[in-house]
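Trainee: I would like the atomic coordinates for the input below:
(one chain, ligands or ions: 1)
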Amino acid sequence: MLIKNSIDIRSSDITPKDLYLSRRKFLASVTVAGAAVMTGVGLRELASPSTVAEANAKIDNVQKSRFSTTEKITPYKDVTNYNNYYEFSTDKYGPAGLAKDFKTRPWTVTIDGLVKKKQVLDVDSIIKMATPEERIYRHRCVEGWSIVVPWIGLSLNELIKKAEPLGKAKFVQFTTIHDPKQMPGQKGTVLEWPYVEGLRMDEAMHPLALLCFGMYGEVLPNQDGAPLRIVVPWKYGFKSAKAIVKVSFKEEQPINTWNLAAPNEYGFYSNVNPNVDHPRWSQAKERRLGEFFKRPTLMFNGYGDQMASLYNGMDLRKNF
Ligand code: MTE
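Mentor: Reported below is the predicted structural model:
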């Protein structure tokens, strides 16, 4: 985002990482399978998300979603090797390796602010709140690259309903983990830590907003936001905060990290909008990871039918 030329993705940038990833995936699956053999536990049982938080552990009983796109899914190796995760690195190829040993259990999420039921929840109890759904979403980064990912999660509104927000709660803020010992990027000041994001309550309650804990049939890899992130597909990628530890309900619009860092470049709403340029580049086109030619960017990232009515009467140039 603040990095010059980060928009230029060459396929040669991505290819050399394939080897590394397939090796890592192979080693992880061997570890899980090996443990199953040693203990006599069936692989399916071992791989249940409530008992294991290993990357590559399968998630069972996943339902298909009516919200899924039928577009071609971006290869796993691209989605897991080309990441924005500044807590680990500003180099997009950095998080895959640097987040390898990041501890995602035990993990709790604090629910506070304007709710009837303030509480601290274990992440595994959140995961079990509803049957997991696979949502194949387009995901568009503000920098001009995009991916299509089979995320796994549940509607964010399932968690919100459990918290019973008060009438005064107009916004939700997501706070992500602050742990400089584990996250080398947090030893620096490239952003203010922890990374925070926010949504208006009606956005957060919309069924498309996903509370995500998996992808490609498996538990989220650390570099993609394990153990819990949100995915907000009609907004630029930076709204989709990774490694969430707190969900707070507020009356006033909360701050969000990128708006704090560069208010003239990143707003609160950040709906994907090909008609509003970033001050330093056009937003009219995007490049799917792994593809060569650019394609036009769609209003609300192609989710206009579902989302446009939420912004009726709003000046989307002012509220970028
Ligand atoms: N969440 C945290 N905690 N830290 C980050 O740096 N980067 C954001 C978002 N969530 C970020 C984050 C940005 S800019 C993007 S584009 C997406 O994560 C990237 O998600 P992906 O790496 O899974 O594709």
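Trainee: partner strands of the strand ranked longest in the chain, parallel or antiparallel?
Mentor: The strand that spans the most residues within the chain, counting by DSSP state E, is strand 145-155. Within its sheet, and counting by DSSP bridges, strand 145-155 is paired with strand 133-140 (antiparallel), strand 210-215 (antiparallel), strand 285-288 (parallel).
Trainee: Could you find the closest non-adjacent residue to L121?
Mentor: Of all residues beyond its chain neighbours, the one nearest L121 is V109 (5.1 Å), with distances taken as C-beta to C-beta, 6 or more residues apart in numbering. To be clear about C-beta, it is placed using only N, CA and C from the backbone, and glycine gets the same treatment.
Trainee: Checking my notes, that neighbour in a strand, right?
Mentor: Yes: assessed by DSSP: H, G, I helix; E, B strand; the rest coil, V109 belongs to a strand.
Trainee: ok, it - how many residues close by?
Mentor: Other residues within reach of V109, judged by other C-beta atoms under 10 Å, total 21.
Trainee: follow-up on the earlier one: which of the strands paired with strand 145-155 is buried the deepest?
Mentor: strand 210-215 (a mean of 26; mean count of other C-beta atoms under 10 Å).
Trainee: average model confidence for that one?
Mentor: Strand 210-215 shows a mean pLDDT of 98.
Trainee: and the residue of the chain found nearest the ligand, what does it touch?
Mentor: When distances are taken as C-beta to the nearest ligand atom, the chain reaches nearest to the ligand at G237, 2.6 Å away. If you count contacts by C-beta atoms under 8 Å, 6 or more residues apart in numbering, G237 has them with N84, H139, R140, C141, V142.
Trainee: same check, this time on Y269
Mentor: Contacts here follow C-beta under 8 Å, 6+ apart; on that basis Y269 touches K235, Y311, L316, N319, F320.
Trainee: What is the nearest of those residues to H178?
Mentor: Compare each of the contacts of Y269 with H178 using C-beta to C-beta and the shortest gap goes to K235, at 23.3 Å.
Trainee: That closest one and S270: what is the separation?
Mentor: Taking C-beta to C-beta, to the nearest Å as the criterion, K235 is separated from S270 by 5 Å.
Trainee: Between those two, point out the one with more neighbours.
Mentor: Counted by other C-beta under 10 Å, K235 and S270 do not tie: K235 has more neighbours, with 26 against 21.
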